[in-house]
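Chemist: this one's structure only:
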DNA sequence: CCCATGTACAACCATCGAGTTGTACGTTAG
DNA sequence: CTAACGTACAACTCGATGGTTGTACATGGG
C-alpha cells in the first residue's frame, strides 16, 4: 500500500530539510551539477560553516550525498529520496480520490435503497 | 516553466507545515473526512490549543482550510496546495532528467567532433 | 617538507517552534 | 437568560535551529 517507503522520521527529516530556501537552492544546484562544499559556499552570503551545516541537514535527510574526491567533498543529489517525497504527496492526492470514490459509492447506494 | 506556481515563502510554509508528523496526520485525517478542530483534538494526547496551533500552521500553508458551521470550525483539505508541492518535487526530478540529457548531448557532440 | 586549501567540529548566541495553562468570546441548547 | 460547548488568543517554558567564530586536521602542489 505504502509505495514511498518512508518512515515518519524520514518524512520529518526530508520535509524539514526542504523547509529552508537555502537548502532547496542547494538541491537545485547539485541537481544541475555536482559541486564541492566550498563551491556551494561561495554562492551564499553566509559562512562556510553555515553552508556545511545545511549540506549536513540535507545529507541526514538523504536528499544529498557526499563523496570524497581528493581533498574536496563532492555533493550529489539524492534523486531516490526526492522521488519518495513526491510519492508521499501523491499518496495524499490518491487518498482524496479514494474518498471521493467512497462518497460517490455511498450516494449511489443511498440512491438504490431510497425506495425502501 | 514553473508549473507549481509557488513562491519561496509558500514553499517555506508548506514544507515546514509538512515537517511535523502530527500535522501530516491531521492532513491525512481531513483528506479522509472533514472534521471540526475539537474532533481532531480528541485524537491526540496534547492540549486543544496545541492542535489548534497545528491547524493554524497548516492553514497558513494553504494545506487546509477552515469553514464555520454553527459553533464548530470544519477543517477541509487544501488539495490544490498539496498538488503544487508535489509539482515542485516533480520539477526537481525533471531538472535531473534535463541534466542527464544535457550530459548525453555533450558526450555525443564530443564524440562527433573527435574525428576532426 | 611546508603551506594553502577544503573540510570538520565545538562553543556560543539569538530566534523560532512546540507545547503548556489561563482567560475571553461567540453560539446553541434548555 | 444561562450554561455548556467550541474556539481564539496571550503569556510562558524549553528545546531545536540557523547563524557566527575559532580551532584542528587531512591532503595536494611547489
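Modeler: Thanks, I have the structure now. From a predicted model like this one, the values you see are computed outputs, not experimental measurements.
Chemist: which residues of chain A lie near chain B?
Modeler: Counting by C-beta under 8 Å from any C-beta of the partner chain, chain A comes close to chain B at A:8, A:11-12, A:15-16, A:18-21, A:24, A:27-28, A:31-33, A:77, A:79, A:82-83, A:85-86, A:89-90, A:92-93, A:95-96, A:99. Backbone N, C-alpha and C define where each C-beta goes, glycine included.
Chemist: near DNA strand D too, which of these?
Modeler: A:16, A:19, A:20 (C-beta under 7 Å from any atom of the strand).
Chemist: could you say which helix or strand holds the residue nearest in space to the middle of chain A?
Modeler: Centroid check for chain A by C-alpha atoms, centre = their mean gives residue A:85 as the closest residue, at 3.9 Å. Using DSSP states H and E, residue A:85 maps to helix A:79-113.
Chemist: and for residue A:68?
Modeler: strand A:64-69.
Chemist: who does that strand pair up with?
Modeler: Here strand A:64-69 has these sheet partners by DSSP bridges: strand A:72-77 (antiparallel).
Chemist: if we can go back for a sec, could you save the ones next to DNA strand D among the residues of chain A next to chain B as TSV and add columns showing pLDDT?
Modeler: Formatted as TSV, these follow (pLDDT from 0 to 100):
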residue	pLDDT
A:16	98
A:19	98
A:20	98
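Chemist: quick one: which of these sit in helices?
Modeler: By the criterion of DSSP state H, membership of these in helices covers residue A:16.
Chemist: so what's the residue in chain A that DNA strand C sits nearest to closest to, chain neighbours aside?
Modeler: With C-beta to the nearest atom of the strand as the measure, residue A:38 is the residue of chain A nearest to DNA strand C, at 2.9 Å. Spatial nearest neighbour of residue A:38, excluding adjacent residues (C-beta to C-beta, 6 or more residues apart in numbering or on different chains): residue A:48 at 6.7 Å.
Chemist: equivalent analysis for residue A:96, please.
Modeler: Closest to residue A:96 by C-beta to C-beta, 6+ apart is residue B:31, at 5.2 Å.
Chemist: for the residue of chain A closest to DNA strand C, give me the backbone phi and psi.
Modeler: As for residue A:38, its main-chain torsions (degrees, to the nearest 10) stand at phi -70, psi -30.
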